[in-house]
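1. pasted the sequence and its predicted model underneath.
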Amino acid sequence: MRYCIANWKMNLNISESIDFIRSLSKKNLQNNKTTIILSPSFTSLSDVSKGLKKTKIQLGAQNVNSNTHGSYTGEISVSMLKEFECGWVILGHSERRQYFNEEDVILNDKLNTVLANGLNPILCIGESFDQRKNNETFSVLKHQLDIALNNIEIGNNKILLAYEPVWAIGTGLAATTDIISEVINYLKEYLMQNFSLNIPILYGGSVSKENSSAIIDIKGVDGFLIGTSSLDVNEFYDIYLNMIKR
Ligand code: PGA
């Protein structure tokens, strides 16, 4: 199975989200080897969930709290997400790490809560520009995985890993196919050897209709996490088409 995932971040209000779904669901989405997941803002989850009812498109959230309930002003719990039949949740996006101090230990707590409550996590990892320049890419990725995945129990849930180099996010400069291939190979091997995990690995960071064919052709790339190009329904659909053609 391949995954074509939209991360709308803090874009698209309710009416814009509904317009997007109306346009997308009129298109041919019959390929059963590629799952589309839309991740709107919390405020749009309810309406998007209703809008997706008769479609095969799945729903994701962009974050969740590690506690199941309690005095955490402004936060959202797993049971709140489940009320909207939201099956997926993005964890550890670099913007959350950078602006909201989300550290790997917090992600480990979040993963535990998400998995224990039957949601499927999409865990994001990636190195910064300086870390790549200093040849620290693999040690950074290893560190992020070691802490986030420590003692997690996946059970019957699915878990996806998204490799998103921070320097490629929102910059229009996707990683080269050589870099993506090298990192994906490393991650596959590391996950198998250290966690006995064989899970889908996605690429994210300036994915577009122009570069998506070349990236999906890379062995081991199981899909995309798409930010900017997911805000335009036609661009997003073009990426989906490039995925199902290969
Ligand atoms: P981008 O964002 O496609 O705009 O680079 C990707 C992401 O942040 O997941």
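-> Perfect, I can see it now. Numbering: from 1, shown residues only.
2. quickly find the element holding residue 224.
-> For residue 224, the element it lies in under DSSP states H and E is strand 223-226.
3. hmm, I was thinking of residue 123
-> strand 120-125.
4. for this protein, give the residue positioned nearest to the ligand.
-> Proximity of the chain to the ligand (C-beta to the nearest ligand atom) peaks at residue 227, 2.2 Å away. Heads up, the C-betas are built off the backbone N, CA and C, glycines and all.
5. picking that back up, what mean pLDDT does the next helix or strand after the strand holding residue 224 have?
-> Following strand 223-226 in sequence order, the next helix or strand is helix 233-245 (DSSP H and E). Average pLDDT, helix 233-245: 96.
6. same question for helix 233-245: list its buried residues.
-> Within helix 233-245, the residues that count as buried by 16 or more other C-beta atoms under 10 Å are 233, 235-244.
7. same thing with stretch 38-56?
-> In stretch 38-56, counting by 16+ other C-beta under 10 Å, buried: 38-42, 44-45, 47-49, 51-52.
8. ok, stretch 107-125 next?
-> 107-108, 110-115, 117, 119-125.
9. in a markdown table, list the buried residues of helix 233-245 along with distance to the ligand.
-> Below are these laid out as a markdown table (distance: C-beta to the nearest ligand atom, whole Å):
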| residue | distance to the ligand |
| --- | --- |
| 233 | 15 |
| 235 | 10 |
| 236 | 11 |
| 237 | 15 |
| 238 | 14 |
| 239 | 10 |
| 240 | 14 |
| 241 | 17 |
| 242 | 15 |
| 243 | 15 |
| 244 | 19 |
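10. and the strand holding residue 123, what's its mean pLDDT?
-> Strand 120-125 comes out at a mean pLDDT of 98.
11. partners of that strand, with directions?
-> strand 88-91 (parallel), strand 160-163 (parallel) (DSSP bridges).
12. could those go into JSON lines alongside mean pLDDT, mean neighbour count and distance to the ligand?
-> Listed next are these as JSON lines, based on pLDDT from 0 to 100; neighbours: other C-beta atoms under 10 Å; distance: least, C-beta to the nearest ligand atom, whole Å:
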{"stretch": "strand 88-91", "mean pLDDT": "98", "mean neighbour count": "24", "distance to the ligand": "8"}
{"stretch": "strand 160-163", "mean pLDDT": "98", "mean neighbour count": "25", "distance to the ligand": "7"}
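13. using JSON lines, please lay out those together with distance to residue 151.
-> Listed next are those as JSON lines, based on distance: least, C-beta to C-beta, whole Å:
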{"stretch": "strand 88-91", "distance to residue 151": "16"}
{"stretch": "strand 160-163", "distance to residue 151": "17"}
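14. closest to residue 77 out of those strands?
-> strand 88-91 (11.1 Å; C-beta to C-beta).
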